[in-house]
Every structure is written in C-alpha cells, then in structure tokens.
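A.B. asks: Need coordinates for the following:
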Amino acid sequence: MRRFGVALERDGWSRFASPAGARYRGPGRLDVEGDASSASYFLAAGAVGGGPVRVEGVDGTSIQGDARFTEVLERMGARVSFFEDAIEVRGEGTKLKPVDMDLNHIPDAAMTAAVLALFADGPSTIRNVASWRVKETDRLAAMATELRKVGARVEEGADFLRIEPPAQLVPATIDTYDDHRMAMCFSLVALGRVAVRINDPECVAKTFPDYFQAFAGLVSA
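C.D. replies: Numbers count the residues shown, from 1 in each chain. Below you'll find the predicted structure:
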C-alpha cells in the first residue's frame, strides 16, 4: 500500500488504520515478484546438485517470508549469491551441514529444509512448525512417514521433526496426500541418485502446474 501512496498506521500487529480520504496513486513501475515458496525447490536443488542454480524474479530484498529460506541454505553450507531480481545457489561439493532451526516464520519452505536434511552429514531438527498439522494435510505426520520411506530415522514431536539421514537413500514410492508441497519437496530426493516415484503428481496444479516439467529441465541441464 505504501508503494501506491497510502501510509498505514499500526499498533503492533493488532490494529491497522488507513488515513481518511487516502487515495492510491500509481507507482510508475511495479515489478511483481515470483513466488518465493516455489523458488525454494530450485534453490535447494542448487545446494544438493552442486549447481549453480539461479532463480529469477525474487531477490534478497523480497518482502515474502519464504525468501528467508536462503538463511537455511547458508547454514547448511551452500553458497548463496544475491543479484538484482535473482538468487543463485551452489553446493560446495560435500555433504550439507546439519541444522537445528526454528522455522516458524517459513512453514512452507521448512518442508524443503526437511528434505534437505536427508543430504546432511548428521541429524537436523526443524522446530516450531505446529502449523503443519493444519495445512492441506497433517504435514508433520506425512513428512515423518515419507522421510522414513527413503531410509531416514525420524522423531516426530508435537511441533518438530528430528531427521537422521541414512548412509544411503533407498528407492521409494512417495504418497502426496493431495498436498502440492509434498510432491514438490520430495522430488528433490531424486538428486540423491535414487529412484523415487511420486504418486498423484497432478496435485501440484494448485500452485505450480508445470512444476515437474520445470524440474526435469533443470535436471537435464
């Protein structure tokens, strides 16, 4: 709203007030960001696959919460570079570092982080994600179940997952629970050179209908 000339007053996060008679005015040029949540899968692919992978349409100045997924990637040892209207990620040629992080501020991208934990050299803990219980499915239970299928040892708590990666990923058929993010984040397991079958891939139509075409293009490149 500020970009369009209307300055809100707020009392913390409980009350917002717009001045009487406020009128919008065109900002002249307004770049519409790409979806940072969808970008997380490709940024993660850069970390796991070596990269570099550059995602255009979102950058370090983004106001989207999931743009902070780059902090997870940096903590896990990936190299993150910011450009005007782009983010680039590359792996360092070694296993990722395990993390123990509160990801309440990025609950959607936190699912991508949970799958990245499969590629770390020790156990990782994703904390404060109780909101997963009331998403398209009970994502805490679903993530725990599907991570175990590929060989991980998983502890599921009320609002956390502790993920111990296997010495070697095992082939698996992944159930998606009619949840688009389950399908997209578990596609990353294929970067571990293991066969993965994703059931009901069409569920990605909710937010990213051509996700698997885009992902296949990335892998073939």
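A.B. asks: how many other residues sit next to Phe4?
C.D. replies: 12 (other CB atoms under 10 Å). For glycine as for every other residue, the C-beta is placed from the backbone atoms N, C-alpha and C.
A.B. asks: my read: it touches Gly28, true?
C.D. replies: No. Using CB atoms under 8 Å, Phe4 is not in contact with Gly28; the gap is 10.6 Å.
A.B. asks: hang on, Glu88 in a strand?
C.D. replies: Yes. According to DSSP: H, G, I helix; E, B strand; the rest coil, Glu88 belongs to a strand.
A.B. asks: Counting residues, name the longest helix you see in this protein.
C.D. replies: helix 36-49 (DSSP state H).
A.B. asks: remind me which residues of the chain are low pLDDT?
C.D. replies: Counting by pLDDT under 70, the chain shows low-confidence ranges at 219-221.
A.B. asks: So which residue is dead centre in it?
C.D. replies: Compute the mean C-alpha point of the chain, and by CA atoms, centre = their mean the closest residue is Ala109, 2.6 Å away.
A.B. asks: show me the residues around that residue that make contact.
C.D. replies: By CB atoms under 8 Å, 6 or more residues apart in numbering, the residues touching Ala109 are Ala36, Ser37, Ser40, Asp66, Arg68, Phe69, Val72, Leu103.
A.B. asks: who touches the next helix or strand after the longest helix of the chain?
C.D. replies: Per DSSP states H and E, the first helix or strand lying C-terminal to helix 36-49 is strand 53-56. Strand 53-56 is contacted by residues 34, 39, 42-43, 45-46, 83, 85-90, 218 when judged by CB under 8 Å, 6+ apart.
A.B. asks: how far does stretch 24-35 stretch from start to finish?
C.D. replies: The separation between the terminal residues of stretch 24-35, taken as CA to CA, to the nearest Å, is 25 Å.
A.B. asks: ok, for Ser81, nearest residue in space, not its chain neighbours?
C.D. replies: Setting aside the residues directly before and after it, Ser81 is nearest to Glu88 in space (CB to CB, 6 or more residues apart in numbering), at 4.5 Å.
A.B. asks: separation between the one you found and Gly51?
C.D. replies: Using CB to CB, to the nearest Å, Glu88 is found at 7 Å from Gly51.
A.B. asks: Now do the contacts for Phe119.
C.D. replies: Ala47, Val48, Lys95, Leu96, Pro165, Leu191, Gly192.
A.B. asks: Tell me how far it lies from Tyr24.
C.D. replies: Relative to Tyr24, Phe119 is positioned 46 Å away (CB to CB).
A.B. asks: what's the answer for Tyr41, then?
C.D. replies: Taken as CB to CB, the span from Tyr41 to Tyr24 is 35 Å.
A.B. asks: likewise Ala142?
C.D. replies: From Ala142 across to Tyr24, the span is 42 Å (CB to CB).
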